[in-house]
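K.L.:
starting from these lines, generate the structure:
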Amino acid sequence: MWVRYDSGMGLPDGHPLKTRLTELLGTPTPIIQTGMGWVATPELVAGSCEAGAFGFLAAAALSLPEVEAAIGRTKELTDKPFGVNFLMDAPGAEQIAQMILDHGVRAAGYNRAPSAALIDKLKAGGVLCVPTCGAPRHVQKAEKLGADIVIVQGGEGGGHTGSIPTSLQISACADAVSIPVVAAGGFKDGRGLVAAIARGAAGIAMGTRFLMTAESPVPTVTTDRYVAAGLNDVIVTSEIDGLPQRVIVNELVRELEGKSSLSRLLFAFRNAMELRKVSGASLVDLLRSGLAMQKNEKLTRSQMLLAANAPMLAKRAMTDGDPVGGYLPSGSVAGVIDDRPTCAELVSRIMAEAEETLGRLQIR
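P.N.:
Below is the predicted model of the structure:
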């Protein structure tokens, strides 16, 4: 039998859960905390990293001074490696990439519209490139562009999502590339971690489960909605920004279902103006970013115009404490989560259950 995981010592050589992911990221467990907008703050990232996971700081909706301050704050809270998640087609992307290099951040996370030039720049500086993808062909493209690790999200994942179940997605993507694949969408415990490894993944990435921890900045009035949600309350809707998103159904979603097309566009315009103030981007910057996103994501004009809805409506719920007027991006697992442990308790619990599962399966 292998030597069991020790939170102080990490995973010994030969352990079934010591994978290419733990070796590349320099973490004791094969668990990633995703860069959720407004949620993945320095406090949550530091808590995740101190617990043995690898945390990604959310930078996509912050102004450039706020990004720099958040990176600095994270480094004050932990000396463990962490990553920064941002949008490569958004205003300020080049400056954020330079901050990542200047601060010696271990990894850069991104999803839509990857920039070959920025990826090359980051890799030249020793930064691991970790995109999130939702289909085997996207994973293959990511590998060709230089990704070192790829997070693959199945249909059970929160926020923007596809229709392919995680169980099928992971195996297909792991077979399609030679780089480590990390499974996302529907994970919360040790049994899920072992299942992901069995399907060819090198670890798991979790958003909703880390959102529901003690270090999460999300107000209790909002997390109460996650606790109260059943499996049937977590749905996929296109009402937020014209693209399929998995969310907890609430008053906002029901209201948007009844809006006319013109009302939705006016609503999105107001959110775009609010996003401009929050991010510090100019109208020209936002338009340029929207056109780039439209081209790369093959969006319709209306979908492009609605794109500002998601970040600002998420802010209302995740930061402002308004789960009625904001939206609640959520993985399916919200329907079976009813507690808020510390990150240390969560990671320890996951690893203990994974050990128990491996032992039950008599894997040696």
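K.L.:
counting neighbours, what do you get for Arg270?
P.N.:
Neighbour count of Arg270, defined by other CB atoms under 10 Å: 12. Backbone N, C-alpha and C define where each C-beta goes, glycine included.
K.L.:
before we move on, which element is it in?
P.N.:
helix 261-279 (DSSP states H and E).
K.L.:
what mean pLDDT does that helix get?
P.N.:
Per-residue pLDDT values over helix 261-279 give a mean of 63.
K.L.:
go on, stretch 100-118?
P.N.:
Stretch 100-118 comes out at a mean pLDDT of 94.
K.L.:
over to stretch 164-172?
P.N.:
pLDDT averaged over stretch 164-172 gives 95.
K.L.:
likewise stretch 143-150?
P.N.:
Taken as a whole, stretch 143-150 has a mean pLDDT of 98.
K.L.:
and it, what's buried?
P.N.:
Glu143, Leu145, Gly146, Ala147, Asp148, Ile149, Val150 (16 or more other CB atoms under 10 Å).
K.L.:
tell me the contacts of the first one?
P.N.:
When you say that, I think you mean Glu143. Val150, Val177, Ser178, Ile179 (CB atoms under 8 Å, 6 or more residues apart in numbering).
K.L.:
from Val152, how far out is it?
P.N.:
According to CB to CB, to the nearest Å, Glu143 stands 12 Å off from Val152.
K.L.:
the stretch 201-350 of the chain: strands as residue ranges?
P.N.:
Per DSSP state E, counting those that start in this stretch, the stretch 201-350 of the chain carries strands over the ranges 203-206, 234-237, 245-248.
K.L.:
and those, which is most packed in?
P.N.:
Comparing those by mean neighbour count (mean count of other CB atoms under 10 Å), strand 203-206 ranks first with a mean of 30.
K.L.:
adjacent strands (with direction) for that strand?
P.N.:
strand 31-33 (parallel), strand 181-184 (parallel) (DSSP bridges).
K.L.:
now it: average pLDDT?
P.N.:
On average, strand 203-206 scores 98.
K.L.:
do stretch 318-329 as well
P.N.:
According to the model, stretch 318-329 has a mean pLDDT of 94.
K.L.:
end to end, how far does that stretch reach?
P.N.:
10 Å (CA to CA, to the nearest Å).
K.L.:
same question, stretch 312-330
P.N.:
16 Å.
K.L.:
got the residue ranges for the helices in the stretch 101-250 of the chain?
P.N.:
Secondary structure of the stretch 101-250 of the chain by DSSP state H, counting those that start in this stretch: the helices cover 116-124, 136-145, 166-176, 190-198, 208-211, 220-228.
K.L.:
deepest of those helices, which one?
P.N.:
By mean count of other CB under 10 Å, the helices of the stretch 101-250 of the chain have helix 208-211 as the most buried, with a mean of 28.
K.L.:
report all helices and strands that it contacts.
P.N.:
helix 220-228, helix 343-360 (3 or more CB pairs under 8 Å, 6 or more residues apart in numbering; DSSP states H and E).
K.L.:
returning to that earlier point: adding distance to Glu251, mean neighbour count and mean pLDDT, write the strands paired with strand 203-206 out as a markdown table.
P.N.:
Converted to a markdown table, the strands paired with strand 203-206 look like this (distance: least, CB to CB, whole Å; neighbours: other CB atoms under 10 Å; pLDDT from 0 to 100):
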| stretch | distance to Glu251 | mean neighbour count | mean pLDDT |
| --- | --- | --- | --- |
| strand 31-33 | 29 | 31 | 98 |
| strand 181-184 | 28 | 30 | 98 |
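K.L.:
output those strands in TSV, with distance to Lys80 appended to each entry.
P.N.:
Putting those into TSV (distance: least, CB to CB, whole Å) gives the following:
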stretch	distance to Lys80
strand 31-33	12
strand 181-184	18
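K.L.:
tell me the domain ranges of the protein?
P.N.:
20-218+337-360, 220-333 (automatic domain parsing).
K.L.:
what's the most buried one of these?
P.N.:
The stretch of these with the highest mean neighbour count (mean count of other CB under 10 Å) is domain 20-218+337-360, at a mean of 21.
K.L.:
so for Pro329, which of the helices and strands packed on helix 208-211 sits nearest?
P.N.:
helix 220-228 (10.4 Å; CB to CB).
K.L.:
for that closest one, packing partners?
P.N.:
helix 208-211.
K.L.:
about what we covered before: export the domains of the chain to a markdown table and tack on distance to Gly10?
P.N.:
A markdown table is the format used below for the domains of the chain (distance: least, CB to CB, whole Å):
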| stretch | distance to Gly10 |
| --- | --- |
| domain 20-218+337-360 | 3 |
| domain 220-333 | 26 |
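K.L.:
could the helices of the stretch 101-250 of the chain be laid out in TSV, adding distance to Glu66?
P.N.:
Below are those laid out as TSV (distance: least, CB to CB, whole Å):
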stretch	distance to Glu66
helix 116-124	20
helix 136-145	27
helix 166-176	33
helix 190-198	33
helix 208-211	20
helix 220-228	21
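K.L.:
for these, which one sits closest to Thr342?
P.N.:
Across the helices of the stretch 101-250 of the chain, closest to Thr342 is helix 208-211 (CB to CB), at 11.0 Å.
K.L.:
so how far is that closest one from its chain's centroid?
P.N.:
10 Å (CA atoms, centre = their mean, to the nearest Å).
K.L.:
next: stretch 154-161.
P.N.:
10 Å.
K.L.:
contact partners of it?
P.N.:
36, 134, 153, 162-170, 183-186, 207-208, 236, 243-247, 310, 329-334.
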